[in-house]
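Visitor: Give me the fold of what follows.
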Amino acid sequence: MNLEESDKFVEEQRKTEQKKKIVLVSIVLCAILVALLIILIIYIQYQDSLKLKMYVDGNQVKITANMLKQDGDTSYVNIKAFSEMLGYTYTKGEYKKYNENIDSCYIKNNLEVVAITAESETLTKYIEVVEGAPELTEEGPYGMQMQVESKNGESNTFVLSKTVKLIDDELYLPFDYLTDVYNILVDTSTPNRIRLYTLPTLFQSAKQKAAALEYTTISGVYENIRAIPYGLIVVGNNGIYGVIEAGGQGKEILSVKYENLEFLQNSQEFFMRAENTVGLLDKTGATIIQPRDYDDIAILDEIEQLYLVEKDRKYGVVNRKGEIVLHVDYDAIGLKNIKDFEEENVGDRNLLFDKCIVVELDDSYGLYDITGKELLKPVYEGFGCISDVSGEDSVLIVPKEVGVEGLVINFNGLYAIYDIEKEEIVIPAVYSKIYSVTKAGETNYYAQFGDEQLNMKDVLKNVQASSTEQPSEETTDEVEEPTEENEIVQETESEEVIVE
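Guide: Just a heads-up that it's a prediction; the model follows:
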């Protein structure tokens with residue numbers, strides 16, 4: 001190799017080394033860039049994970065500025081914003097009352113209405129099926145023919161341990177009750193992620209689960225479909241039904257052996273029917289009320305956990321332990337004409353004053369408390385006074401601010417008042433009617449005696465004064481049943497009270 005060739009070789013070697021260095025530097029730079037990119041992606045993902053996001057059936061939805069609130073350990077959602085996001089109609093004011101109260105609202109879809117009031121310990125859900133509701137057809141969101149077993153207007157009351165709040169003139173619902181109100185599954189297992197699954201989506205998943213476990217069908221009853229967000233699926237084989245878990249391996253909760261199962265959403269229990277008996281089971285499969293020889297069973301009052309039972313067209317009441325409160329001896333339980341007094345604050349519960357059960361026997365009415373104690377013998381013509389005079393309102397309950405928390409009693413066409421606290425009749429049955437009049441937002445109560453219109457407050461004052469001046473035996477339901485002679489005595493006593 002001569003000198004010229006040697007220099008050329010050295011130059012080529014130098015160029016090769018430079019290329020290697022350039023390649024190496026490029027690789028290092030690329031590695032650094034990739035590492036920086038990965039770090040940037042991780043950082044972005046981390047920052048993104050710190051942002052609260054909400055998804056409905058897998059699709060992200062916008063969280064408006066006022067949608068969520070935090071108060072201590074409790075999270076709240078804005079009822080109006082949340083309802084509209086899920087396709088519910090939101091209306092301000094009390095349900096079936098023409099007011100604009102900002103502390104009340106009701107929301108509705110095609111199948112139900114939920115009435116909500118701030119600071120109330122309960123909320124009420126009503127079945128209200130819109131004619132032609134698509135949910136009930138095979139072409140609807142459930143993909144099968146559905147049915148609603150409850151009659152329109154039937155209601156369920158949910159007891160709240162955390163109340164709805166009125167914040168900045170807007171109503172906020174505790175997160176804990178989203179499932180109860182909107183029939184949705186709420187998944188917050190991932191930090192800063194709220195995943196909501198609606199009932200149609202859950203239903204499709206439940207159908208797949210049931211089919212995989214070789215059940216021939218799942219219940220198409222809307223009330224039973226509402227069990228799915230609580231992790232329960234009502235499945236069936238050959239016309240009989242049971243319950244499995246919606247998650248995991250689909251563990252069997254209730255064996256497939258019942259002719260009919262009905263899910264009670266507010267208590268998460270099941271009415272069961274098999275071989276002409278009915279009973280009550282909880283969501284774990286435990287028996288609450290043993291199947292007895294009843295023809296039917298229904299909730300009488302959710303808060304007091306009382307159940308109405310029927311046998312041979314007679315009715316009684318049992319409690320959640322299966323203990324008899326009222327024997328199955330009565331023609332009816334509850335007031336038939338309660339709707340005549342819907343303008344009053346009588347509430348949606350089947351208990352008067354939240355603690356009294358009305359019974360009907362041989363076309364007469366009586367009253368018991370929730371323990372089964374007799375308050376008024378079933379000898380009265382009815383409760384409440386119905387007025388058909390323009391400007392006068394029917395009265396069932398006299399409010400405490402009048403001077404007595406009382407129930408209006410009809411005895412042979414004349415009216416009396418029963419004091420619910422004293423458990424005695426404080427105004428005798430001598431009045432031809434008891435009614436109220438509302439003017440300029442103020443309601444006053446009156447009793448009609450002959451041609452005289454007497455203010456109820458004055459009547460009560462006179463009765464109390466007379467009782468102080470001339471003590472007499474207390475008149476309670478435990479004395480002898482009303483008779484014509486007793487009525488005459490009551491009329492005489494009443495005249496002494498009224499005519500000063």
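
Visitor: C-alpha from now on. contacts and neighbour counts both.
Guide: Fine.

Visitor: show me where the stretch 301-450 of the chain has strands.
Guide: 306-311, 314-319, 324-330, 332-333, 356-361, 364-369, 374-380, 382-383, 397-398, 406-411, 414-419, 424-431, 433-439, 442-449 (DSSP state E, counting those that start in this stretch).

Visitor: so what strands line up beside the next helix or strand after the last one?
Guide: Sequence-wise, the next helix or strand beyond strand 442-449 is strand 452-455, with elements assigned using DSSP states H and E. Pairing partners of strand 452-455, with direction, according to DSSP bridges: strand 442-449 (antiparallel).

Visitor: Buried residues of the partner strand, list them for me.
Guide: Neighbour counts using 16 or more other Cα atoms under 10 Å place 445, 446, 447, 448, 449 of strand 442-449 among the buried residues.

Visitor: The second one and residue 382, how far apart?
Guide: Counting by Cα to Cα, to the nearest Å, the separation of residue 446 from residue 382 is 19 Å.

Visitor: just to revisit the earlier point, now the strands of the stretch 301-450 of the chain in a markdown table, with mean pLDDT?
Guide: Output for those, formatted as a markdown table (pLDDT from 0 to 100):
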| stretch | mean pLDDT |
| --- | --- |
| strand 306-311 | 91 |
| strand 314-319 | 93 |
| strand 324-330 | 95 |
| strand 332-333 | 93 |
| strand 356-361 | 94 |
| strand 364-369 | 95 |
| strand 374-380 | 95 |
| strand 382-383 | 92 |
| strand 397-398 | 90 |
| strand 406-411 | 93 |
| strand 414-419 | 94 |
| strand 424-431 | 92 |
| strand 433-439 | 92 |
| strand 442-449 | 92 |
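
Visitor: Dump these into CSV; add distance to residue 263 as well.
Guide: Formatted as CSV, the strands of the stretch 301-450 of the chain follow (distance: least, Cα to Cα, whole Å):
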stretch, distance to residue 263
strand 306-311, 15
strand 314-319, 18
strand 324-330, 23
strand 332-333, 23
strand 356-361, 25
strand 364-369, 28
strand 374-380, 33
strand 382-383, 33
strand 397-398, 34
strand 406-411, 35
strand 414-419, 38
strand 424-431, 40
strand 433-439, 41
strand 442-449, 42
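
Visitor: Could you pull up the mean pLDDT of the helix ranked longest in the chain?
Guide: If you go by DSSP state H, the chain has its longest helix at helix 3-50. For helix 3-50, the mean pLDDT works out to 80.

Visitor: Could you do stretch 110-125 as well?
Guide: Here the average pLDDT along stretch 110-125 is 95.

Visitor: So what's the gap between that stretch and the chain middle?
Guide: How far stretch 110-125 lies from its chain's middle: 6 Å, per Cα atoms, centre = their mean, to the nearest Å.

Visitor: Send me that stretch as PDB with only the CA atoms.
Guide: Provided in PDB are the C-alpha atoms of stretch 110-125 (Å, rounded to 0.1, in the frame of the first residue of the first chain):
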ATOM      1  CA  ASN A 110     -92.400   7.900  29.700                       C
ATOM      2  CA  LEU A 111     -93.100   5.400  32.600                       C
ATOM      3  CA  GLU A 112     -92.800   7.100  35.900                       C
ATOM      4  CA  VAL A 113     -92.800  10.400  37.900                       C
ATOM      5  CA  VAL A 114     -90.600  11.200  40.900                       C
ATOM      6  CA  ALA A 115     -91.800  13.900  43.300                       C
ATOM      7  CA  ILE A 116     -89.000  15.500  45.400                       C
ATOM      8  CA  THR A 117     -89.000  18.100  48.100                       C
ATOM      9  CA  ALA A 118     -86.000  19.700  49.900                       C
ATOM     10  CA  GLU A 119     -85.300  18.600  53.400                       C
ATOM     11  CA  SER A 120     -88.000  15.900  53.300                       C
ATOM     12  CA  GLU A 121     -87.100  12.600  54.700                       C
ATOM     13  CA  THR A 122     -88.900  10.800  51.800                       C
ATOM     14  CA  LEU A 123     -89.400  11.000  48.100                       C
ATOM     15  CA  THR A 124     -92.200   9.400  46.100                       C
ATOM     16  CA  LYS A 125     -92.100   7.600  42.800                       C
END
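
Visitor: Once you drop chain neighbours, what's closest to residue 268?
Guide: Nearest residue to residue 268, sequence neighbours excluded (Cα to Cα, 6 or more residues apart in numbering): residue 283, at 6.1 Å.
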